[in-house]
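1. Next one to model:
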Amino acid sequence: SDRPEIQEEISKKDDRLLTLLKDVYVESRGPPVQVKDGGGEHLPCKQEEKRLTKLGHLGELDVKKVRKGKISLVEALTLLNNHKLQPEVWTAEKIAVEYSLELKEVHSLLEFFIPFAVREFPKGTKKAI
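-> So this is what the prediction gives:
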């Protein structure tokens, strides 16, 4: 940056070199390369589509972004609790749309996972259960 003549030389267009470059033609002749299975393990994977999480008051305890089709732990607990408290409002279809999930997976989630219920018993009771 101290020498403007060097910067000028770098940014200058050279018509002679451009003409020579237009004359270059590359043709490949050889046997086709066989691709081995599992050879791309070190290649970077394509970017997965992500969405922001719906955290509510527990935002500090959870991740901020998840892949589409997945939910965070706090979201799972929240949607299970919402469905438990208001099943007619928080249907499987609404949950699937709200959290970008497959309907089949939401049905399985609601069937097999039940959030814990914390109950306090009176202090005078000897037998809690």
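
2. What does residue 83 show for phi and psi?
-> Dihedral pair for residue 83: phi -70, psi -40, per degrees, to the nearest 10.

3. whoops, I mixed them up, residue 66
-> Torsion angles, degrees, to the nearest 10, at residue 66: phi -140, psi 160.

4. Compute the distance between it and residue 99, please.
-> In this view, residue 66 and residue 99 are 9 Å apart by Cβ to Cβ, to the nearest Å. Just so you know, the C-beta spots here come from the backbone N, C-alpha and C atoms, and that holds for glycine as well.

5. More neighbours: which of those two?
-> The neighbour count for residue 66 versus residue 99, taken as other Cβ atoms under 10 Å, is higher for residue 99 (23 against 18).

6. From what I see, that one and residue 79 are in contact.
-> Yes: contact status for residue 99 versus residue 79: in contact at 6.5 Å, counting by Cβ atoms under 8 Å.

7. hmm, back to that, overlap in contacts, residue 66 and residue 99.
-> Listed as contacting both residue 66 and residue 99 by Cβ atoms under 8 Å, 6 or more residues apart in numbering are residue 75.

8. would you list every one of the strands in the protein?
-> Under the criterion DSSP state E, the chain contains strands at 50-52, 65-67.
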